[in-house]
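Student: model this:
(one chain, ligands or ions: 1)
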Amino acid sequence: MRVNGCFACDYTGRMPDAVKSSRLCRQPGKPLPPTRRAPRIEAPWSLRASRGVEVLELAPLRDLAWLVHGFSTRSGGASVLASGQRVLNLGFTEWDKPEAVRRNRGTFQSALGADDLTLVPLSQFHSAVVRSVPPVSDRPSKGDASATDKAGFLLAVQTADCVPILLVDPETRAVAAIHAGWRGTLARIAEKTVGQMRMRFGSNPKDLIAAMGPSIGACCYEVGTELVTMFTSRFADAEEWFDELRTGDEPNPLQWLNMRPPGHQPPPKNVRLDLPKANRAQLLAAGLGEKNLYSSGLCTSCHTELFFSYRREAGQSGRLLAAVGRKRQRR
Ligand SMILES: [Zn+2]
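Tutor: Okay, here's the model as predicted:
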C-alpha cells in the first residue's frame, strides 16, 4: 500500500488517513489493456489536426477571435512509450525524457497557434490555491488553478484523469485554467476560481463560459466509501455524485449512507464518483448559467486510444494539457 501520494496526477504529499485504505492510494498493478474504440466527438466539441497532433476544441471558445484554447490528446509527439507508440506527453514524468516533454509542449503550443504566448504551467498539488498571472517565474508556482486578464500568457493545467476546466469571460476577457481532482473538488477549487475572477477582474459569473475537458468519468472512477462521508459533509447535493457499485441484489440504493440491520447486504467498500458532475454543480452554485457550461463527456479511462489515463495505464501514462490564453495585441 502506497501511503505517500496519490497515484493520480503528480501529488507526492502525504495522503489523509481517511483515504489510505481507499483504492486511490493502491499500488498500481498491471495496466489494463488499451482501449481501441474511438469516442464520438459531438458538437460543439471537435478535434482539430495541426502539427501532427490533434487538439480538442469547443466552438463557443474558438469563435472568440482574441482567445486561444485547447485540450491536448495522446497521439503524435516526441515521447516514446515502452510499446513503441509515439505520444504527446506534456508532463515531466519519470519514464520520459525532459527534452521530449519540452518539445511536445512546443508542438502543442504551435498547434494552438500560441507560439508567441508565455506558457504558464503550475506545480500542482491537489489544493484550492488559485494563482494570479503575472507574475511568472522560471519555476512553476504551486497551485491548481491560474487566472489572468492580461494578454500574452497561456495558462495550462496538466491532467491524466482529473477534470481540466477552462473559464473564459467574453466581457472582461479574463481567463482561468483549473485542475480538479477529488481533493481539489472537495476543497471547492472551481468555486474559488470563479470567486477570484469576480474579485480580481470584476467578472460576472453569468458571463463566464466553462469548458470541462476529458477526465475519468462516473463509469470508471471507483473510490473508497470514505469519500462519500467527506463530500456529503460539505455539499448538500453530494449524494447525487456517487453511484454504488452494484451486484444486482442490493435492497437499498443508498446503503453506504443508510446502513441496514445485520443480516442484510453489507455496505459496499467502493463507490463510483462523478467528478465532472460535482464540478458542474460547483460552477452552477458559483453563479454560472447552465447554457454556458460545456462538458466534453469524454472518459479518459474508457478512451486511452485518444487520451492518457493514470488509473487505466497503472501509472505509466503521459499527461494531457488544457490551455487557455489571450492573444497578444497586434500593433
Ligand atoms: Zn469510463
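
Student: hey, where'd the helices end up in the protein?
Tutor: 59-62, 98-112, 182-186, 189-201, 226-232, 275-285 (DSSP state H).

Student: ranking those by burial, who's on top?
Tutor: Burial of these is given as mean neighbour count (mean count of other C-beta atoms under 10 Å); helix 182-186 ranks first at a mean of 25. Where you see a C-beta, it was placed from the backbone N, CA and C, and this is true even at glycine.

Student: state the distance from the nearest residue to Asn270 once chain neighbours are set aside to the ion.
Tutor: With sequence-adjacent residues excluded and distances taken as C-beta to C-beta, 6 or more residues apart in numbering, Asn270 is closest to Glu222, at 4.9 Å. As judged by C-beta to the ion, to the nearest Å, Glu222 and the ion stand 10 Å apart.

Student: please report how far Glu222 lies from Gly297.
Tutor: Taking C-beta to C-beta, to the nearest Å as the measure, Glu222 falls 19 Å from Gly297.

Student: those two: who's more crowded?
Tutor: A direct count of neighbours by other C-beta atoms under 10 Å for Glu222 and Gly297 places Glu222 higher, at 18 against 15.

Student: burial count for the closest residue to Gln316 other than its chain neighbours?
Tutor: Leaving aside its sequence neighbours, Gln316 sits nearest to Trp95 (C-beta to C-beta, 6+ apart; 6.1 Å). Other residues near Trp95 number 13, with proximity taken as other C-beta under 10 Å.

Student: give me the distance between Trp66 and the ion.
Tutor: Taking C-beta to the ion as the measure, Trp66 falls 35 Å from the ion.

Student: and the helix or strand bottoming out on mean pLDDT in the chain, which strands flank it?
Tutor: When the helices and strands of the chain are scored by mean pLDDT, DSSP states H and E, strand 242-244 comes last with a mean of 88. Applying DSSP bridges to the sheet, strand 242-244 is found paired with strand 270-273 (antiparallel).

Student: that older thread, which parts of the least confident helix or strand of the chain are buried?
Tutor: Neighbour counts over strand 242-244 (16 or more other C-beta atoms under 10 Å) mark Phe242, Glu244 as buried.

Student: what about that strand, distance to the chain center?
Tutor: 20 Å (C-alpha atoms, centre = their mean, to the nearest Å).
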